[in-house]
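> Got a sequence here, can you model it:
(one chain, ligands or ions: 2)
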Amino acid sequence: MRLALRLVACSVAACSAFAAAPEAALRSAVAAKVSADYPALEALYKHLHAHPELSLLEEKTAARLAAELRPLGFAVTEKFGGGHGLVAVLKNGPGPVLLLRTDLDGLPVAEETGLPYASKSRMRDLAGREVATMHACGHDIHMTCWIGAARALVALKDRWSGTLVLVGQPAEETGVGARVMLAAGLYREFPKPDFALALHDSATLPAGTVGLIEGFAMANVDSVDITVRGIGGHGAYPHTTKDPIVLAARIVTALQTIVSRETRPVDAAVVTVGSIHGGTKHNIIPDEVKLQLTLRSYSDAVRRHTIDAVKRICRGEAIAAGLPDHLMPLVAVDETQSTPATFNDPALTRRVRGVLSAWFGADAVATIEPEMGGEDFGRYSRTVEKIPAVLVRLGAVDPKLAAESARTGAPLPSLHSSKFAPVPEPTLTTGTTALVAAALDLLAR
Ligand SMILES: [Zn+2]
Ligand SMILES: [Zn+2]
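Numbering: from 1, shown residues only. Ligands and ions are numbered 1, 2, ... in the order given. Sure thing, here's the model as predicted:
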């Protein structure tokens, strides 16, 4: 409600007037603070980078962030939501509540960047397997900028009024963290935000730039497990069997028509069969084949239709193959594990874009394309409170490499790649400054 009033009050003309003439003294105060902090921030970044922890196992990472925030005067709650979730609150007079979220987790990837501070870490995952770990998605960048912003905003406390709620969220990579923190009462136990903001690094935008998009930014993600059942037998006597390999092949092909024939061409959707396993030997027809799918969409209606269509096609193809009723394919979609789409509130996105354009120059603020990747940040605005939220993408690629890639068309290492090597500077300064600039505007006195 407060957002609506503030946005009405902050007309387009007023916002652009502010954008056109940001307070130079404030900007140089922020620049001086971030620059004085930079050596410590880079050291923190390299420490976090070298010590990644897997989803739901972010114990030392969360403890380190808590230790950074307490001396700044934040009221810090650790292990919120049953995992290693961290909530740090700073009340600084009347005004709106701004939630800034960072994610904490790394990935089971063996780093191959060759950087001097590359991770050599290994740890046991939740299943007990020992795996190499890497911050291959750049969550170490997000954490560092989040700490950098906390320091700068504390130093500039007299320049804003309101409440900061810093959320250190576990398990972004598994789509679990935001859900458990919200279910544990994030908006009941702590001040309820008027806005939510997060950074995510980009493996294509050059460092020193940011990217925004209004509306859908990231997709609904659903994982589907299908067991195609048949009646096995000898490969030489197929007429005595119901071959689940042929049936699985038909299902894989028919699934392609969900997007191409059943979905409005202007609606985005993806159906990918990422895994197919069945059989043991040349001349044995097996009893079952297992498929694993990822489904992506933006709207709730397309998501629902896609899931229902997968179930219908599996059943229909099994009927066509002559399977008896008790051997229909088993289609498992654990909808509690789904990640909802990230929708950037258009008014908030425009407002943040105006601020970042004023601070960095319009050339450094790109309009990016929506993606079908997943990010559980969308959950923060999908509660009854409907908090307006925006995910700002942060350029992390060495600008020379980005220019070379644009010239030659050679792809850069993507997020989650063992070779993803973001440049600390100017990435960290840009990310920190972006959070501070947005906060100073949203919590303006
Ligand atoms: Zn990731
Ligand atoms: Zn990520």
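> what residue ranges in the stretch 1-150 of the chain score low on pLDDT?
Residues of the stretch 1-150 of the chain meeting the criterion pLDDT under 70: 1-22.
> just the strands in it please.
75-80, 85-92, 97-103, 122-124, 130-132 (DSSP state E, counting those that start in this stretch).
> right, so the ones you listed: which one is the most enclosed?
Most buried of those, by mean neighbour count (mean count of other C-beta atoms under 10 Å): strand 97-103, with a mean of 25. Every C-beta, even on glycine, is put in place using the N, C-alpha and C of the backbone.
> What is the burial count for His234?
His234 is flanked by 11 other residues according to other C-beta atoms under 10 Å.
> Not including adjacent chain positions, what is the nearest residue to it?
Of all residues not flanking His234 in the chain, Asn283 sits nearest, at 6.6 Å (C-beta to C-beta, 6 or more residues apart in numbering).
> now the strands of the stretch 1-150 of the chain as TSV including distance to Val365?
Formatted as TSV, these follow (distance: least, C-beta to C-beta, whole Å):
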stretch	distance to Val365
strand 75-80	32
strand 85-92	27
strand 97-103	19
strand 122-124	38
strand 130-132	36
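> any residues touching stretch 276-290, and which ones?
225-236, 238, 241, 243-245, 247-248, 252, 275, 291-292 (C-beta atoms under 8 Å, 6 or more residues apart in numbering).
> Of these, which count as buried by neighbour count?
Neighbour-count burial (16 or more other C-beta atoms under 10 Å) applied to the contacts of stretch 276-290 gives 226-233, 241, 243-245, 247-248, 252, 291.
> ok, of those, which one's closest to Glu53?
Checking the buried ones among the contacts of stretch 276-290 against Glu53 with C-beta to C-beta, the nearest one is Leu291 at 31.8 Å.
> helix or strand right after the helix or strand encompassing the closest one?
Element membership of Leu291 [criterion: DSSP states H and E] is strand 288-297. Counting by DSSP H and E, the next helix or strand C-terminal to strand 288-297 is helix 300-320.
> which strand of this structure spans the most residues?
If you go by DSSP state E, the chain has its longest strand at strand 195-206.
> and stretch 180-189, average pLDDT?
In this model, stretch 180-189 has a mean pLDDT of 98.
> Straight-line length of that stretch, end to end?
End-to-end distance of stretch 180-189 (C-alpha to C-alpha, to the nearest Å): 13 Å.
> Can you name the residues in contact with that stretch?
Residues contacting stretch 180-189 (C-beta under 8 Å, 6+ apart): 77, 80-83, 85, 87, 167, 169-171, 193, 379-380, 383, 385, 387.
> hang on, the earlier thing: from the buried ones among the contacts of stretch 276-290, which land in helices?
Using DSSP state H, the subset of the buried ones among the contacts of stretch 276-290 located in helices is Pro244, Ile245, Leu247, Ala248, Val252.
> Including distance to Pro206 and pLDDT, could these go into a markdown table?
Compiled in a markdown table, those are given as follows (distance: C-beta to C-beta, whole Å; pLDDT from 0 to 100):
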| residue | distance to Pro206 | pLDDT |
| --- | --- | --- |
| Pro244 | 49 | 98 |
| Ile245 | 47 | 98 |
| Leu247 | 48 | 98 |
| Ala248 | 44 | 98 |
| Val252 | 39 | 98 |
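> Go ahead and confirm Gly233 touches His239.
No. In this structure Gly233 lies outside contact range of His239 using C-beta atoms under 8 Å: 9.3 Å.
> where does Glu335 land on pLDDT?
pLDDT recorded at Glu335 is 79.
> can you pull the pLDDT of the residue lying closest to it once chain neighbours are set aside?
Nearest-residue entry for Glu335: Asp222, 7.2 Å, with adjacent residues in sequence omitted and distances by C-beta to C-beta, 6+ apart. If you check Asp222, the pLDDT there is 96.
> Just want the most central residue of this protein.
Glu375 (2.8 Å; C-alpha atoms, centre = their mean).
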